[in-house]
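Q: pasting a predicted model and its sequence here:
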Amino acid sequence: MLKGWVIVCASFAYIGFLFAIAYRADKRADQGRSLIATPYVYALSLGVYATAWTFYGSVGRAASDGVGFLPIYIGPTLMMILWWFVVRKMIRVSKINRLTSLADFVASRYGKSALLGSLVTIIAVVGILPYISLQLKAISTSFQILLQYPDIVMPQKIGTANILNDTAFYIAFFLAMFTIAFGTRQLDVAERHEGMVAAIAFESLVKLIAFLAVGVYVTFFMFNGPADIFGQAMARPELAVLATPFGGAAGNYVSWIWLTILSMLAILFLPRQFQIAVVENVDEKHLNKAVWLFPLYMLAINLFVLPIAFGGLLHFPDGTVNADTFVLTLPMSQRQEWLALLVFVGGLSAATGMVIVETIALSTMVCNDLVMPPLLRFTRARFMQHEPLANLLLDIRRAAIIGILMLGYFYYLLAGEAYALVSIGLISFAAVAQFAPAVIGGLYWRNGTRAGALAGLSVGFLVWGYTLMMPAFAQSGWASLSLIEQGPFGIELLKPLQLFGLKGLDQTSHAMIWSMLANVSAYVLVSLLSRQSAAERIQATLFVDVLSQTGERTGFWRGTASAASLQTLVGRFLGPARAADLFDTYARSRGVAVADELDADARLVRFAEIQLAGAIGASSARAMVSSVVQEEPLGVDEVMAIIDEASQAIAYSQKLEEKQAELEAATRDLRNANEQLKALDRLKDDFISTVTHELRTPLTSIRAFSEILHDNPDLPVEERARFLGILVKESERLTRLINQVLDLAKLESGAAEWQNVTLDLREIVDAAVNATSQLFKAKNVHLDVAVPTASAPVAADRDRLMQVMLNLLSNSIKFCEPGQGRVAITVSQDAASVRVDVRDNGVGIAKADQMLIFEKFRQVGDTLTEKPPGTGLGLAICRQIIGHFGGQLWVESELAKGATFSFTLPVTSAAAD
Amino acid sequence: MSLVLVAEDEPAIATSLEFLLRKAGYDTCLARDGEAALALAHQRHPQLIVLDLMLPRRNGIEVCRALRADPRHALLKVLMLTARGGAADIDSGLAAGVNCYLVKPFSTQELLAQVAQLLPAGSAGHAGRESRE
């Protein structure tokens, strides 16, 4: 038998055990041997995401919507991929600025705006109330059901009993006490609640074990394994439909997508998730493991949802048992009282974990962002005399905790009955999703303004209230149902559940579409239209660029203060002893012995402000510090100048990078150019060396024979004549060589003078033949000339073209056998060009040499016979000339079969005459 | 009488060299390329070779190397003629075993003085006679 006192005792024993863990963890933290400095505890504590809603509600949702419960867990798993970027940045920002809540985060980002902090706090509190009421409902329902053991009786409707007889009321009260005990033992919330985190991690373990225990029991003891359960369920059509995604019961893909997005945002922006993931984070590196450990936890806790749901539906076919209670009622129906008690404790774990963390987070917001700013503004004089302020702050937080839990209880009374657990939770999810544009925009978009954030949050919150909160009230009978059914004043377009005629969606998707649309557009549009104040610009830069900042940011501040007055100020909120400790440590870190000797510079002021921010929030801390510091207000212009300087530095470094890349490219180009120059240089050296050699050869003969003639006056006449003949020939050779080298140099450098006129190529051929007729006769070489009857007009320099023709003709004679030589000249013409072929039947040129002969000083010939006369420059010059006229010069030949030198020239347009 | 092999492809220069050397009292023979020079050296065993660097078929350096690798020509002197006066050419010539280097255009007196120095009267002739036996 499970008497009421047994359950109550078990609950208190469990809570007591949690306290023991927390106490031990706090002690260890004080000794510097932190219990929670491991990624496993961090990941487990993130499991606070799974509340009583998961514990009881998932099965309830699965029983009505089948696999439709999944998106709530798929979202966070997907979000883990983005965690490394988003959450790491949030942690860095929060650590640097000692931000202790989402409200502080948003307020600080948009210029430490107290108004924005208050708005975020209100949205968070109002938005989370349904969620807290859900936990109360879950605990009280499970308690009442367990009380009836072994009978299974659904609890009565809420509100029929007196408040003082209502279990939920007492649960709310005791939860408030626990939370106060857990969360407000120390003031500075930026110093993490290590004890609380350890207890929460333990709770995550307990609820997982309890849920797995029920799952295993239902699956393997009540039924014969999953195959059995699913087999029986599939046999019944009304259950089979639950197993298909995107089908009837699970909702269409639109609601899957929106629920997934919604839970992706919730895992970031639920106050308790922010508290655990960001504020309580010990080490950024823990994220590395958490990103796969947490999804693993999600998977484990969802493993048995469908088996339990189907098991419950099969076991209680008549529908009298609420599916939200299957986790508890299934073991009860089998008289497993210890298992039932374990389940109750598991559910208690899930609920208390959520309530404790959520309420601590909310109470911090309420205290720092809702209560303190007006308190400081309107009663500063009196307030500053109040001693001790630290206790006042703690009192405010305690009151806030009680207030929040009581509000949660009243929401439970108002609306708790109308909705299943999951639907209540989704209302809260949608509320905190409204923070997404302001926070994510604030982290990544420099130009998001305070006005934009205010507009986006307000509009989004209003639409959320209209499309989600109000229908919840109406369906609970606290507002007129006609509002939902006919729209306000009978205007159909404004029906809260079908706004502007958007139909066919579930309530949550519908609300998300409209509220996010309104929120994002308002945030972006107003941001674009409004101007940032100096403070906003500074904060925006600090947030957006947080990951690239190194070292300490001194902030932008000018003024005078004394270290003593700052220490006193901090002492008022943190206690004099604590403040002295902090300032002494700071003094030592700056290399000063005692705090009194500290320079009251911008760094010290910022240090003091950050210490205060941990206790009273960023905007209040700013206000307090400025009250003791004689600040010379920084003009907007000055701040802009500072920021411009910073952005100039960034732009400058970007330019440097660009310059460096340019320099590297230029270096590459230079290196290539240098290589080319070196190659050219080598060519030039080769050329000069070759020219020198060619010049020295005739010079050698000339000198030798001159000296011989000089030294031997008595030489016989005929020998003398022979030597003089050699002298003449070699002198001519030298002259020819010098002329051709100069000629080639002129052609190559472009310095040659050209007198281009329209010529008839036939005339040139005639002239060349006439000029060489003596040579042909002397070597007895036969010449054929074939020219067309029509004129062959080309644009060229007459002398140059003549030079080419003469060169080709004398070459052909040179390589012909005397007496047997035949040379043929053919001129032909097509539409575009005129072609001249000079064919001989001489020794021919080997294939390998056909390219070489056009190079300078390359002569090819049979070296056993005499070296061919000539300079070796003729063909190189010819090719230059023909190329200059836009034509081509080439050779076709085979050894011993003669050679044909051909060139083409373009027909000139003056061909008409 | 000492035999001098003239290895030179330019006919005018070859004519002048043969004239000068004969006038100075040496026997001469002429090769127009590197291969011919080697063949003639094996055949006639000259005491000196006046070797042009830029010979067809096998250049002067190759010819010199081949002669130096052959023990039959251990006593042969080599006088290299070159139209290229670069230090690199001189170095490679010396490395190949050239005894003396003359840059074209050369002075006839200097040529004869170098030849006389390389072929002291008597010993060269003696060596020549021995190798012919």
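A: Yep, that arrived. Being a predicted model, the structure only gives us computed values, none of them experimental.

Q: and residue 33, how many neighbours?
A: Went with chain A since none was named. 9 (other C-beta atoms under 10 Å in any protein chain shown). Every C-beta, even on glycine, is put in place using the N, C-alpha and C of the backbone.

Q: ah, I was thinking of chain B
A: Look at B:D33: counted by other C-beta under 10 Å, it has 21 neighbours.

Q: next: B:D27.
A: Using other C-beta under 10 Å, the number of residues around B:D27 comes to 15.

Q: distance of it relative to A:F723?
A: B:D27 is 21 Å from A:F723, where distance means C-beta to C-beta, to the nearest Å.

Q: so where's chain B uncertain?
A: Flagging of chain B using pLDDT under 70 yields the residue ranges B:84-89, B:121-133.

Q: all strands for it, in order.
A: B:3-7, B:27-31, B:48-52, B:77-82, B:100-103 (DSSP state E).

Q: which of those is buried the deepest?
A: Stretch with highest mean neighbour count among the strands of chain B: strand B:48-52 (a mean of 28; mean count of other C-beta atoms under 10 Å in any protein chain shown).

Q: name the helices or strands packed onto that one?
A: Here strand B:48-52 touches strand B:3-7, helix B:11-23, helix B:34-44, helix B:60-68, strand B:77-82, helix B:108-118, going by 3 or more C-beta pairs under 8 Å, 6 or more residues apart in numbering or on different chains; DSSP states H and E.

Q: so the last one versus helix B:11-23, what angle?
A: Here helix B:108-118 points in a direction 50 degrees away from that of helix B:11-23 (axes from the mean of the first three to the mean of the last three C-alpha atoms, to 10 degrees).

Q: so helix B:108-118, near chain A or not?
A: Yes - Helix B:108-118 reaches chain A (C-beta under 8 Å from any C-beta of the partner chain) through B:108-109.

Q: for the shortest one, same thing?
A: No - contact of strand B:3-7 with chain A is not found when judged by C-beta under 8 Å from any C-beta; the minimum separation is 12.4 Å.

Q: got the residues of chain A near chain B?
A: Contacts of chain A with chain B, taken as C-beta under 8 Å from any C-beta, map to A:689, A:692-693, A:696-705, A:707-708, A:711-712, A:726, A:729-730, A:863-864, A:866-867.

Q: in helices, which of the residues you listed fall?
A: Taking DSSP state H as the definition of helices, the residues of chain A next to chain B contribute A:689, A:692-693, A:696-705, A:707-708, A:711, A:726, A:729-730.

Q: list only buried entries from those residues.
A: The neighbour-count criterion (16 or more other C-beta atoms under 10 Å in any protein chain shown) marks A:692-693, A:696-705, A:707-708, A:726, A:730 among these as buried.

Q: so B:V115 sits against B:L21, correct?
A: Yes - contact between B:V115 and B:L21 holds when scored by C-beta atoms under 8 Å: they sit 7.0 Å apart.

Q: please enumerate the shared neighbours of the two.
A: B:4, B:50 (C-beta atoms under 8 Å, 6 or more residues apart in numbering or on different chains).

Q: what's the farthest-apart pair in the buried ones among the ones in helices among the residues of chain A next to chain B?
A: Taking C-beta to C-beta as the measure, these span a maximum distance of 23.9 Å, between A:T692 and A:I708.

Q: any idea what B:L48 is bridged to?
A: B:V4, B:K77 (DSSP bridges).

Q: so who does it touch?
A: B:2-5, B:26, B:76-79, B:115, B:118-119, B:124.

Q: biggest separation within the residues you listed, which pair?
A: Comparing all pairs in those by C-beta to C-beta, the longest separation belongs to B:Y26 and B:V78, at 15.1 Å.

Q: need the residues of chain B near chain A, please.
A: For chain B, the residues in contact with chain A (C-beta under 8 Å from any C-beta) are B:9-13, B:15-17, B:19-20, B:23, B:32-33, B:54, B:56-57, B:83-84, B:86, B:104-109.

Q: helices of the stretch 501-650 of chain A, residue ranges please.
A: A:507-529, A:534-544, A:563-574, A:576-589, A:602-616, A:618-628, A:636-711 (DSSP state H, counting those that start in this stretch).

Q: in the stretch 601-750 of chain A, where is pLDDT below threshold?
A: A:627-652.

Q: once you drop chain neighbours, what's closest to the residue of the stretch 101-250 of chain A found nearest chain B?
A: Chain B sits closest to A:R109 of the stretch 101-250 of chain A, with a gap of 75.3 Å, by C-beta to the nearest C-beta. In this structure, A:R109 finds its nearest non-sequential neighbour in A:G442, 4.0 Å apart by C-beta to C-beta, 6 or more residues apart in numbering or on different chains.

Q: could you list every residue that touches that neighbour?
A: Contacts of A:G442 by C-beta under 8 Å, 6+ apart are A:106, A:109-110, A:448, A:453, A:540, A:543-544.

Q: C-terminal to the helix or strand where it lies, what's the next element?
A: Applying DSSP states H and E as the criterion places A:G442 in helix A:435-444. Note on helix A:435-444: by DSSP H and E, the next helix or strand toward the C-terminus is helix A:450-464.

Q: the helix or strand that that following helix is followed by packs against which elements?
A: Moving toward the C-terminus from helix A:450-464, the next helix or strand (DSSP H and E) is helix A:470-475. Applying 3+ C-beta pairs under 8 Å, 6+ apart, we find helix A:470-475 packed against helix A:389-415, helix A:481-486.

Q: report the buried residues of helix A:470-475.
A: Quick answer for helix A:470-475 (16+ other C-beta under 10 Å): A:470-475.
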